[in-house]
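**Student:** Give me the fold of what follows.
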Amino acid sequence: MKTAIFIVWLVLPIVVFSQQSSYKSPSSDNTWQNVGNSGFSQEGAYYTSLAFNPADGQPFVAFADIPVGCGTRGPGVVMRFDGSRWVNVGIAGFTIDSIGYTSLAFSPVDNMPYVAFAAGCSGTVQAKVMKYDGSNWVNVGNGSFSPGPAAYTSLAFNPVSGQAYVAFMDVINSNKASVMKFDGANWVYVGSPDFSSGESLDLRIAFSPSGTPFVVYQDFWNTGDVTVMKFDGTDWVNVGSPGFTSGQTDEAGFGISPLDGQPYVAIDDAANYHQIKVMKFDGTNWTSVGDPGSTLGWATRMGVAFSSFGQLYISYWDSSFPGICVKTFDGTNWISVGNAGFSEGYPDYPSFLLSPSDTPYLAYMDEGNSGRATVMKYDFPTGLNEPRESGLSLYPNPVTTNLTIDFRDLDCTGKDIEVCDLQGKIMFAAYSSEYKVILNTAAYPAGLYILKVKTENSSIARKFGKN
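**Tutor:** Here you go, the predicted structure:
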């Protein structure tokens, strides 16, 4: 592909040599790397849940700290990465109760971490939410709020109202799905309680940008297929046909596009040897995204995440590899992000998200480190995540059509300019002696790109998004 480039003439004449787009091997810098030490928790880390502080992008992880407690449950722990190591947020074991099904999220109102969980042991567990107030973890509302035992607690914040919502499986009511929200004083039902037709396993909640809540679950009223529902302001209604996946699935990935507010799921496709399949709701039907069956073996532990400008990512464990795999959709094909199977051991309870700066992160219970917590991130080329050097400006970011690259404060004459995608495909390459270059990106697929600039005495890398 040839990419058009427009030059804004300032002082010096320009010398530009462009070349055809080509493929090259991904840079050795494009790797998955540990965030701090691997296996950093004191004990095992069940039910790992990852979230980012929206104020500074710091990663936080919550988990149940075993072997203390009953069975696979232990007291809750939340830790954050301070730039060099993982440190406790408040007191470790702050829940006192043994817990399961941890779900960590930040409030858009006060930028503080909240964690939902099922508190207690055996048949006594109830849904509960606690928040960190800057010094201590405190109850949100009057402690446990579900009418009886709960499982699959899932926390999310309404992006419009800022209210906390929790979806949970209501054990005393035939394991059906319920959603409650905190109205500032009490936990109240959203629509009717126990609204699913039957048992709802692996239940999770997420919001569209407009504030519509969606839930996904394994629907045993429909032979274990996946069902997605949304709240229309009055009732919980099906999104497309219930049980649309036609075959039992294990831990479906779930996410809402920030572009059109439509839900996406990633499943292991029982009809296709349990390979991964990604589907989206197009407003009428559930349709496949790209070619199904892109895995080599049986897929499980799926995750779905979106960048801030809508690029779709999936994570999953492929039985052909020892560790987790991550791919992104380029509009036509599924492309690997880093090496397949990059985690050291089998990743249980994986939690996959993109940071506010659109860096993919994965938190998990690391079987390669005695079941302790590990967090990894996809490391972009050297210099990309470092503070910006003076002399180079890049705007607008993300870009729709024309990207301005401003070198007016860069102390050099000639510059080699290269743009490539995350897989190393060169989209543009040229030499320029000008102080400002305008790059036409209209033909670029939506996604994340790397700008590299080399001068006689420096090398600079920047990332930008294409809408």
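**Student:** Where do the strands of the stretch 1-150 of the chain begin and end?
**Tutor:** Using DSSP state E, counting those that start in this stretch, the strands of the stretch 1-150 of the chain run over 5-7, 31-34, 44-52, 59-66, 76-81, 86-88, 99-106, 113-119, 126-132, 137-139, 150-157.
**Student:** Going by mean pLDDT, which of those strands comes out lowest?
**Tutor:** Of all these, mean pLDDT reaches its minimum on strand 5-7 (a mean of 37).
**Student:** quick one: the spatially most central residue of the chain from V326, how far?
**Tutor:** The centroid of the chain falls nearest to L353 when counting by Cα atoms, centre = their mean (1.9 Å). As judged by Cβ to Cβ, to the nearest Å, L353 and V326 stand 11 Å apart. For every residue, glycine as well, the C-beta is placed using N, CA and C.
**Student:** Overlap of the contact sets of the two?
**Tutor:** P360 (Cβ atoms under 8 Å, 6 or more residues apart in numbering).
**Student:** follow-up on the earlier one: buried residues in the host helix or strand of the residue nearest to the centre of the chain?
**Tutor:** For L353, the element it lies in under DSSP states H and E is strand 347-354. Applying a neighbour-count criterion of 16 or more other Cβ atoms under 10 Å, one finds 347-354 buried in strand 347-354.
**Student:** What pLDDT does the model give D318?
**Tutor:** 89.
**Student:** try P350
**Tutor:** Reported pLDDT at P350 in the predicted model: 96.
**Student:** How many neighbouring residues does the residue lying closest to it once chain neighbours are set aside have?
**Tutor:** Setting aside the residues directly before and after it, P350 is nearest to Y364 in space (Cβ to Cβ, 6 or more residues apart in numbering), at 4.3 Å. As a burial measure, Y364 scores 29 neighbours (other Cβ atoms under 10 Å).
**Student:** Y364 falls within a strand, correct?
**Tutor:** Yes: counting by DSSP: H, G, I helix; E, B strand; the rest coil, Y364 is located in a strand.
**Student:** check contacts around it.
**Tutor:** Residues counted as contacts of Y364 (Cβ under 8 Å, 6+ apart) are 48, 324, 343, 347-351, 373-375.
**Student:** related to what we said a few turns ago, what is the residue nearest to the centre of the chain paired to in the beta sheet?
**Tutor:** For L353, the beta-bridge partners are Y361 (DSSP bridges).
**Student:** And it, how far from P59?
**Tutor:** 9 Å.
**Student:** between the two, what contacts are shared?
**Tutor:** Here L353 and P59 have 50-52, 361 as joint contacts, going by Cβ under 8 Å, 6+ apart.
**Student:** Just among the residues you listed, which is most surrounded?
**Tutor:** Counting neighbours by other Cβ under 10 Å, A51 leads the shared contacts of L353 and P59 with 24 neighbours.
**Student:** Just list whatever residues bridge to the nearest residue to that one once chain neighbours are set aside.
**Tutor:** With Cβ to Cβ, 6+ apart as the criterion, A51 has its nearest non-adjacent residue at 4.4 Å, and that residue is L104. Bridge pairing for L104 (DSSP bridges) gives the partners V115.
**Student:** Use 17 as the first number for this chain going forward.
**Tutor:** New numbering, starting at 17: the last item is L120.
**Student:** so L120 touches F173, yeah?
**Tutor:** No: look at L120 against F173 with Cβ atoms under 8 Å: they stay out of range, at 11.5 Å.
**Student:** residue boundaries of the strands in the stretch 267-416 of the chain?
**Tutor:** Counting by DSSP E, counting those that start in this stretch, the stretch 267-416 of the chain has strands at residues 269-272, 279-285, 291-297, 302-304, 315-322, 328-334, 340-345, 350-352, 363-370, 376-382, 388-395, 409-411.
**Student:** Include distance to E472 when you put those into TSV, please.
**Tutor:** Shown next, in TSV, are those (distance: least, Cβ to Cβ, whole Å):
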stretch	distance to E472
strand 269-272	45
strand 279-285	46
strand 291-297	46
strand 302-304	50
strand 315-322	40
strand 328-334	37
strand 340-345	35
strand 350-352	34
strand 363-370	36
strand 376-382	34
strand 388-395	27
strand 409-411	20
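**Student:** Looking at those strands, which is nearest to M443?
**Tutor:** Closest to M443 of those, according to Cβ to Cβ: strand 350-352, at 13.9 Å.
**Student:** which regions of the stretch 217-366 of the chain lie under the pLDDT threshold?
**Tutor:** Residue ranges of the stretch 217-366 of the chain with pLDDT under 70: 263-266, 308-310.
**Student:** 90 instead, please
**Tutor:** Applying pLDDT under 90 to the stretch 217-366 of the chain flags the ranges 236, 238-240, 261-267, 275, 284-292, 306-316, 323-327, 334-338, 345-356, 359-363.
**Student:** Also the stretch 367-483 of the chain?
**Tutor:** For the stretch 367-483 of the chain, applying pLDDT under 90 flags the ranges 373-374, 383-384, 386, 395-416, 420-432, 436-442, 448-452, 461-483.
**Student:** And for N69, the neighbour number?
**Tutor:** N69 is flanked by 16 other residues according to other Cβ under 10 Å.
**Student:** how far away is V195 from S177?
**Tutor:** V195 is 14 Å from S177, by Cβ to Cβ.
**Student:** ugh, wrong one, I meant L312
**Tutor:** From L312 over to S177 (counting by Cβ to Cβ), the distance is 44 Å.
**Student:** just I292 next, same as before
**Tutor:** 34 Å.
**Student:** cool, and V305?
**Tutor:** 30 Å.
**Student:** For the strand holding L369, which helices and strands make contact with it?
**Tutor:** Strand 363-370 is packed against strand 60-68, strand 315-322, strand 328-334, strand 340-345, strand 376-382, with contacts defined by 3 or more Cβ pairs under 8 Å, 6 or more residues apart in numbering; DSSP states H and E.
**Student:** Direction included, what does the fourth one pair against?
**Tutor:** Using DSSP bridges, the strands paired with strand 340-345 in its sheet are strand 328-334 (antiparallel), strand 350-352 (antiparallel).
**Student:** Show me how this protein divides into domains.
**Tutor:** Domain segmentation of the chain under automatic domain parsing yields 21-43+400-482, 47-395.
**Student:** Kindly compare burial across these and name the winner.
**Tutor:** Most buried of the domains of the chain, by mean neighbour count (mean count of other Cβ atoms under 10 Å): domain 47-395, with a mean of 19.
**Student:** Ends of it, what's the gap?
**Tutor:** 5 Å (Cα to Cα, to the nearest Å).
**Student:** Would you confirm that W237 belongs to a helix?
**Tutor:** Yes: assignment of W237 by three-state DSSP places it within a helix.
**Student:** List the contacts of it.
**Tutor:** Applying Cβ under 8 Å, 6+ apart to W237 gives the contacts 212-215, 243, 258-259.
**Student:** 10 Å instead?
**Tutor:** Each residue near W237 by Cβ atoms under 10 Å, 6 or more residues apart in numbering is listed here: 192, 212-216, 243, 258-259.
**Student:** do you know how far it is from G99?
**Tutor:** Relative to G99, and taking Cβ to Cβ, W237 is found at 48 Å.
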